[in-house]
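Enquirer: Build the 3D model from these lines:
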Amino acid sequence: MSESVAVGIERPRQPALLDLLRQSDEFTLALYPPESAHLLDIEELEAPDVTVFVARDDDSAEHPAVGMAALVNRGDGSAELKRMFVPAAVRGRGIAGIILRAIERFAQRSGITLIQLETGPLQPAAIALYERQGYALIPNFGKYVGDPNSVCYEKHLADGATAAPPRD
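Expert: Modelled structure (predicted):
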C-alpha cells in the first residue's frame, strides 16, 4: 500500500489528466471493441454532476498523477463510478483502493448511499479490487444491458456514517 498517495478533487482538463485519459482509452480499446468502451470523454467529465478524483504521489498538484476516477451523481442518492484508472507503471501499490475509499467517503458526505459501476470481464484485477472492497455483482444496468463485455457491481454505503474499513 502506498501511504504517500493523496487523493483530491481536480478539474479534468489538465495535461496530466488528459494523458491518463489517453492511457485509459488505449488500455480499454486494446481489450474491448469500441461499442463496449463505455468511457466518459473530457466534456462529460466536466459536467456539473461529475466529480473527478486524482491520486498524486504527494498532496501537491505539481506531483505526478498516479491514478484517477470519476463519480457521476445521479441526483437520486445513487452514483456511478467511471474512469477508474491507474497506469501500469504504478499498479500494485494499492492506489486504486485509496481512490475508491476516498470516493466512498465523498459519496457518503454528499448523501449518496449507492455506488454502481461497470467494468469488463477481461479485467480480473479490477474485479478483484471491487469484490475486496465490498461491491456485489449485479445484473447489467442502463446502457450496459446486453453487452457481453460488461460486468456490473454495486455497493450500498452506510447512511451518513463511516462504514467499517474494507479489507485491502
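
Enquirer: Give me the number of neighbouring residues for the closest residue to V145 other than its chain neighbours.
Expert: Distances taken as Cβ to Cβ, 6 or more residues apart in numbering place P139 nearest to V145, at 7.9 Å, with adjacent residues excluded. From N, CA and C alone the C-beta is placed, and that goes for glycine too. If you count neighbours by other Cβ atoms under 10 Å, P139 ends up with 7.

Enquirer: isn't E44 right up against H38?
Expert: No: assessed by Cβ atoms under 8 Å, E44 is found out of contact with H38, at 10.9 Å.

Enquirer: Which one of the two is surrounded by more residues?
Expert: Neighbours per residue, other Cβ under 10 Å: of E44 and H38, the larger number sits with H38, 18 against 15.

Enquirer: Can you give the distance of the strand or helix carrying G67 from its chain's centre?
Expert: When elements are assigned from DSSP states H and E, G67 belongs to strand 65-73. Taking Cα atoms, centre = their mean, to the nearest Å, the mean C-alpha location of strand 65-73 is offset from the chain mean by 5 Å.

Enquirer: by contact count, what packs against that strand?
Expert: Judged by 3 or more Cβ pairs under 8 Å, 6 or more residues apart in numbering; DSSP states H and E, strand 65-73 is in contact with helix 15-31, strand 50-56, strand 78-85, helix 95-109.

Enquirer: Of all those, which one comes closest to K155?
Expert: Among those, the nearest to K155 by Cβ to Cβ is helix 95-109 (7.6 Å).

Enquirer: neighbours around E43, how many?
Expert: Counted with other Cβ under 10 Å, residues neighbouring E43 total 9.

Enquirer: Of all the helices and strands packed on strand 65-73, which one comes closest to N149?
Expert: It's helix 15-31; of those, that one is closest to N149 (Cβ to Cβ) at 8.2 Å.
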